[in-house]
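1. below are the sequence and a predicted model for it; my questions follow.
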Amino acid sequence: MKLSYIVPVYNVEAYLDKCLQSLYNQSLELVDFEVVIINDGSSDNSLKIIEKYRSLYQNITLIDQENQGLSVARNNGIGQAKGDYILCVDSDDFLIQDSISNLLQKAIDLDLDVLRGEYRYCDDAGNFLLLDDTKRHRYQYSYKIIDGDLLFQCIYCKEFYIPLLLIRRSLLLENRLYFREHVYFEDIEFAFKLSLLAKRVMYVPIVFYIYRLRDGSITRNLTYKKILDLFAAIKGLKSYSGMIIYPEKTNRVLEETITQLTVYLLISLSNFTVKDRKELLKQLDMKSISSLLVFGNIKEVIVSVLYNVLGTNVIGLLSPVVRLRNSLLK
């Protein structure tokens with residue numbers, strides 16, 4: 001079997017039909033792929049939709065489990081998968097029609113560990129948003145076989161979206177690479193570890209994946225736990241930075257990533273009340289992030305400089321600015 005789609009499902013009845021239908025609109029023979037669906041304790045009509053597709057197609061494997069989160073669902077799906085390659089698909093997103101078969105065949109023909117494609121955003125109603133071309137500098141690597149260092153340095157562009165990667169399943173199994181469970185932002189560490197393992201990688205500038213921007217998505221509403229998990233992801237990357245075994249540019253991109261994530265963390269903390277902020281900071285070992293690189297867009301440069309001078313006191317300065325911005329956006 002060539003391909004296994006890994007599809008975790010949790011209360012997505014409004015989007016699931018479009019997602020699953022898009023997996024079957026790919027010019028692939030049914031014997032060449034399977035759909036491994038993990039129902040992660042949905043309490044809406046998601047399971048009914050899944051059963052409808054199971055009655056139509058024989059290549060669906062259903063794992064029905066209590067709610068344990070995206071990471072556990074993905075890991076369980078990988079454990080059940082049989083395809084040479086896997087593609088993780090979030091159940092509120094969807095694929096462009098007839099976009100996968102050529103990408104998959106290229107990965108097989110060239111014996112790739114990882115093939116990275118492109119994406120677009122859509123809004124909650126499924127309307128395409130303007131194409132973001134800010135990552136065009138990775139286009140120079142199009143259709144070239146590169147290694148994992150270049151994948152991390154030049155192709156990710158700090159977008160650690162696992163659903164954009166066709167991944168050789170045996171690479172994960174042989175190296176016991178799985179998602180850290182029961183946490184948010186699990187893609188960050190996974191993507192970095194994957195880049196350390198991959199030897200044959202290709203970037204193909206073809207849009208195949210549509211990422212839906214929902215109000216309830218992980219990155220748009222940071223709760224108490226999400227803040228803690230984001231900081232854990234930052235510390236995880238920090239533990240790898242500065243190692244001599246990595247090329248200098250890999251270490252540089254690691255530091256840039258840590259800076260961007262920390263800036264996001266600081267701005268997100270400024271949305272909390274002073275009391276909640278203090279409670280969170282007690283649990284965050286911010287001293288381990290002693291300083292940030294001064295780079296990026298104007299916002300990132302300003303916050304980085306202020307953090308390097310004021311430490312976490314910068315959050316107090318950011319708070320009224322963020323509140324004003326939120327008020328204007330409303």
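-> Looks like it arrived, so ask away.
2. and the pLDDT for Glu66?
-> pLDDT, Glu66: 96.
3. ditto for Ser217
-> 49.
4. element containing Leu115?
-> strand 114-122 (DSSP states H and E).
5. who does that strand touch, helix- and strand-wise?
-> Here strand 114-122 touches helix 100-109, strand 165-168, strand 201-212, going by 3 or more Cβ pairs under 8 Å, 6 or more residues apart in numbering; DSSP states H and E. Just so you know, the C-beta spots here come from the backbone N, C-alpha and C atoms, and that holds for glycine as well.
6. partners of the very next helix or strand once past that strand, with directions?
-> Once the chain leaves strand 114-122, the next helix or strand it forms, by DSSP H and E, is strand 145-146. Looking at strand 145-146 with DSSP bridges, its partner strands are strand 201-212 (antiparallel).
7. what's next to whatever helix or strand comes next after the partner strand, contact-wise?
-> Using DSSP H and E, the next helix or strand after strand 201-212 towards the C-terminus is helix 224-238. Helix 224-238 is contacted from outside by 183-186, 188-189, 192, 218, 222, 254, 257-258, 261-262, 264-265, 268-269, 276, 280, 283-285, 288-289, using Cβ atoms under 8 Å, 6 or more residues apart in numbering.
8. now do helix 224-238: distance to the chain's middle.
-> How far helix 224-238 lies from its chain's middle: 14 Å, per Cα atoms, centre = their mean, to the nearest Å.
9. for that helix, buried residues please.
-> Lys226, Ile227, Leu228, Asp229, Leu230, Phe231, Ala232, Ala233, Ile234, Gly236, Leu237, Lys238 (16 or more other Cβ atoms under 10 Å).
10. stretch 157-170 now?
-> Counting neighbours by 16+ other Cβ under 10 Å, stretch 157-170 gives Phe160, Tyr161, Ile162, Pro163, Leu164, Leu165, Leu166, Ile167, Arg168, Arg169 as buried.
11. can you give me the end-to-end distance of that stretch?
-> 25 Å (Cα to Cα, to the nearest Å).
12. contact partners of that stretch?
-> 3-4, 78, 81, 83-90, 93, 103-104, 107, 112-119, 135, 137-138, 187-188, 190-192, 194, 209, 211, 253, 256-257, 260.
13. so how far is Met1 from the most centrally placed residue in the chain?
-> The centre of the chain sits closest to Tyr161, judged by Cα atoms, centre = their mean, with a distance of 3.0 Å. Using Cβ to Cβ, to the nearest Å, one obtains 24 Å as the distance from Tyr161 to Met1.
14. for Thr259, same thing?
-> Distance of Thr259 to Met1, given as Cβ to Cβ: 42 Å.
15. out of the two, which sits in the busier spot?
-> Thr259 (24 against 14; other Cβ atoms under 10 Å).
16. wait, a strand at that one?
-> No - Thr259 sits outside any strand when classified using DSSP: H, G, I helix; E, B strand; the rest coil, being helix.
17. contacts only, for it.
-> Leu292, Leu293, Phe295, Gly296, Glu300, Ser304.
18. what about the residue nearest to the fifth one when sequence neighbours are not counted, how many neighbours?
-> Sequence neighbours aside, Val263 is the residue nearest to Glu300 in space, at 5.1 Å (criterion: Cβ to Cβ, 6 or more residues apart in numbering). Other residues near Val263 number 23, with proximity taken as other Cβ under 10 Å.
19. just the element for Val263, please.
-> helix 248-269.
20. give the next helix or strand downstream of that helix.
-> Taking DSSP H and E, what comes next after helix 248-269 is helix 274-283.
21. how about the CA coordinates for the next helix or strand after that next one, as PDB?
-> Downstream of helix 274-283, the first helix or strand assigned by DSSP H and E is helix 298-310. The C-alpha coordinates for helix 298-310 follow below in PDB (Å, rounded to 0.1, in the frame of the first residue of the first chain):
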ATOM      1  CA  ILE A 298       9.400  45.400  13.300                       C
ATOM      2  CA  LYS A 299       7.200  43.800  16.000                       C
ATOM      3  CA  GLU A 300       9.600  41.000  16.700                       C
ATOM      4  CA  VAL A 301      12.600  43.400  16.800                       C
ATOM      5  CA  ILE A 302      10.900  45.700  19.200                       C
ATOM      6  CA  VAL A 303       9.700  43.000  21.600                       C
ATOM      7  CA  SER A 304      13.100  41.200  21.400                       C
ATOM      8  CA  VAL A 305      15.000  44.400  22.300                       C
ATOM      9  CA  LEU A 306      12.700  45.200  25.100                       C
ATOM     10  CA  TYR A 307      12.900  41.600  26.500                       C
ATOM     11  CA  ASN A 308      16.600  41.700  26.400                       C
ATOM     12  CA  VAL A 309      16.600  44.900  28.500                       C
ATOM     13  CA  LEU A 310      13.600  44.500  30.700                       C
END
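22. the helix or strand just after helix 298-310: which residues count as buried?
-> Next in sequence after helix 298-310, counting helices and strands by DSSP H and E, comes helix 314-329. Neighbour-count burial for helix 314-329, counted by 16+ other Cβ under 10 Å, picks out Val314, Ile315, Leu318, Ser319, Val322.
23. and what of stretch 26-33?
-> So, applying 16+ other Cβ under 10 Å, buried residues of stretch 26-33: Gln26, Leu28, Asp32, Phe33.
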